[in-house]
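[1] Provide a 3D model corresponding to the input given below.
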Amino acid sequence: MIFDFLTSLEKVHVAQTRAEREAIWSFRYDVYVRELNKSVANADHDNGWVRDPDEDEPSVVIFYTGSPEEVTGTLRVDTWTPGGTPLLAAQRYGFHEVPALLSQPIAEASRLMVRRALRGQLIVPALARKAFSHAVDRGVHASFAYCSPGLVSSYRRLGYRPYGADLINTPDGLRVPLVMATNDVVHFRSVRSPLHTLARERFKAGSSETFDMITEELGIANAVETDEADIWHDVESALLTRRVRPRLFDGLSNVQVRLVTSMGFVIDVDAGNTVTREDLDDRELYVILEGEFAIVKHGKEVARMAAGDVVGELTFLAEDRRRSATILAVHDGKLLVLGRKVLDDLHERDAEVAYQLLFNLARVTAARFSKHLAGA
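    Here you go, the predicted structure:
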């Protein structure tokens, strides 16, 4: 209740005037292009805007915090009537596999961002609560979104879940499709979502029926594994039982390795897909469980990595958040993804494991630098 009250103090506005929208377009450009160096669709480099051409449609609502003079956060919500879902969105989220879904209102949350200095505060929960109420008022039981692997844990805390659709391949790397069942009160409570009290008020008898229907109807293998037991099975079968133990896990017992892996998730990567791109701002660490991956710098392949190798360690450790290389899947593969926050979480739960993991990462990094210098 206290959290709900504090969140309500963060005023959320609906962009209605041209001045408000221009301020939001400019804010998007600052975050996406200037800060994160993303390859953004609909970026207007002359005006310094990221403006989607359909934002005048009645199905689109743009929320923001702050003021037109200084936007601090924003979120776009599309709400489509039954049968009105755009083809590209239906293909992106696999709706064609779930015809029953197309007979009801559907929402999509996108363009969620917060000014860097204010991240981790109440802006995201405030925007999410406003968007949730907006969608539920329009009869929505399924809200979709997609994000980079490093943001999956943040979206999961809101109540979104991976649901079995294929990963989305973008110029900046893979993106994970997610769904929120707005009536799944039990799930909101289990993840301590800031939307739990709203869902409980709107749906007195909560149900997981929407999420279950989507996952059952898709009938395809889950490209993202978040269940702790299943993640451990993937790691154990792919690495530990094959005696290809990553140097990242040196000095750790299987019990300790399981603690580390429980803080990440596993993704299946198709051959030819980009995992992440050179100069992009992100900080995930990847452990290769299966497959082969090429490391590319300035358009030239400089290394090949296979099962047991760790990639992405430089930006994971360094203050400079820019990727030093592009990671491409040469063959179909499987990756364990660990976010930067895993070190902080490990330190709270088991400082010894956190120390050993950091020490191992330092050794991996030093070995690569030595090899690079030797070949220079």
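[2] quick one, helices of this protein?
    2-8, 18-29, 87-93, 123-137, 152-158, 185-190, 196-202, 209-218, 228-235, 254-261, 313-317, 342-349, 351-375 (DSSP state H).
[3] Quick one: neighbours of residue 133, just the number.
    Look at residue 133: counted by other CB atoms under 10 Å, it has 15 neighbours. C-beta: built from backbone N, CA, C; applies to glycine.
[4] Enumerate every residue touching it.
    Counting by CB atoms under 8 Å, 6 or more residues apart in numbering, residue 133 touches residue 198.
[5] Likewise for residue 239?
    Contacts of residue 239 (CB under 8 Å, 6+ apart): 245, 246, 287, 289, 307, 308.
[6] redo that, cut-off 6 Å
    Under the criterion of CB atoms under 6 Å, 6 or more residues apart in numbering, residue 239 has no contact partners.
[7] ok, residue 285 touching residue 339?
    No: the pair residue 285 / residue 339 is not scored as a contact, 7.9 Å apart, by CB atoms under 6 Å.
[8] between the two, which one's more packed in?
    residue 285 (25 against 22).
[9] Quick check: bridge partners of that one?
    Assessed by DSSP bridges, residue 285 has beta-bridge partners residue 338.
[10] which stretches of this protein aren't confidently modelled?
    The model of the chain has pLDDT under 70 over residues 1-9, 206, 217-223, 242-244, 319-321, 371-376.
[11] follow-up on the earlier one: same list (the helices of the chain) but as TSV, adding distance to residue 179.
    Formatted as TSV, the helices of the chain follow (distance: least, CB to CB, whole Å):
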stretch	distance to residue 179
helix 2-8	23
helix 18-29	24
helix 87-93	8
helix 123-137	12
helix 152-158	10
helix 185-190	11
helix 196-202	14
helix 209-218	6
helix 228-235	18
helix 254-261	24
helix 313-317	28
helix 342-349	25
helix 351-375	32
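[12] The longest strand along the chain: which residues count as buried?
    In the chain, taking DSSP state E as the definition, the longest strand is strand 70-80. Buried positions in strand 70-80, judged by neighbour count with 16 or more other CB atoms under 10 Å: 71, 72, 73, 74, 75, 76, 77, 78, 79, 80.
[13] what does it rub up against?
    By CB under 6 Å, 6+ apart, strand 70-80 touches 23-24, 27, 59-66, 106-112, 114-115, 118, 123, 127, 131, 134, 138.
[14] List only those of the residues you listed flagged as buried.
    Buried subset of these (neighbour count, 16+ other CB under 10 Å): 23-24, 27, 59-66, 106-109, 111-112, 114-115, 123, 127, 131, 134, 138.
[15] how far away is residue 354 from residue 260?
    9 Å (CB to CB, to the nearest Å).
[16] Please say which of these two ends up with more neighbours.
    residue 260 (23 against 19).
[17] Residue 125 reaches residue 196, doesn't it?
    No: applying CB under 6 Å, one finds residue 125 not in contact with residue 196, separated by 11.0 Å.
[18] quick one on the thing from earlier: what's the closest of the helices of the chain to residue 55?
    helix 18-29 (7.0 Å; CB to CB).
[19] and residue 365, how many neighbours?
    16.
[20] How about the contacts made by the residue lying closest to it once chain neighbours are set aside?
    The shortest distance from residue 365 to any non-neighbouring residue, by CB to CB, 6 or more residues apart in numbering, is to residue 313 (5.4 Å). Counting by CB under 6 Å, 6+ apart, residue 313 makes contact with 361, 364, 365.
[21] Pull the contacting residues for the second one.
    Shown here is residue 364, whose contacts under the criterion CB under 6 Å, 6+ apart are 247, 310, 313.
[22] re the thing from before, please name whichever of the helices of the chain is nearest to residue 334.
    With CB to CB, the closest approach to residue 334 among the helices of the chain belongs to helix 228-235: 6.6 Å.
[23] Summarise which helices and strands that closest one is packed against.
    Packing partners of helix 228-235 (3 or more CB pairs under 6 Å, 6 or more residues apart in numbering; DSSP states H and E): helix 254-261.
[24] Buried ones in the helix it packs on, by neighbour count?
    For helix 254-261, the neighbour count (16+ other CB under 10 Å) marks 256, 257, 258, 259, 260, 261 as buried.
[25] Check what contacts it and list those residues.
    231, 232, 235, 249, 353.
[26] Of these, which count as buried by neighbour count?
    Buried among the contacts of helix 254-261 by 16+ other CB under 10 Å: 231, 232, 235, 249, 353.
[27] So the third one versus residue 108, what's the distance?
    For residue 235, the distance to residue 108 (CB to CB) stands at 33 Å.
[28] Kindly report the same for the last one.
    Look at residue 353 and residue 108: by CB to CB, they are 39 Å apart.
[29] same check, this time on the fourth one
    Distance, residue 249 to residue 108, using CB to CB: 39 Å.
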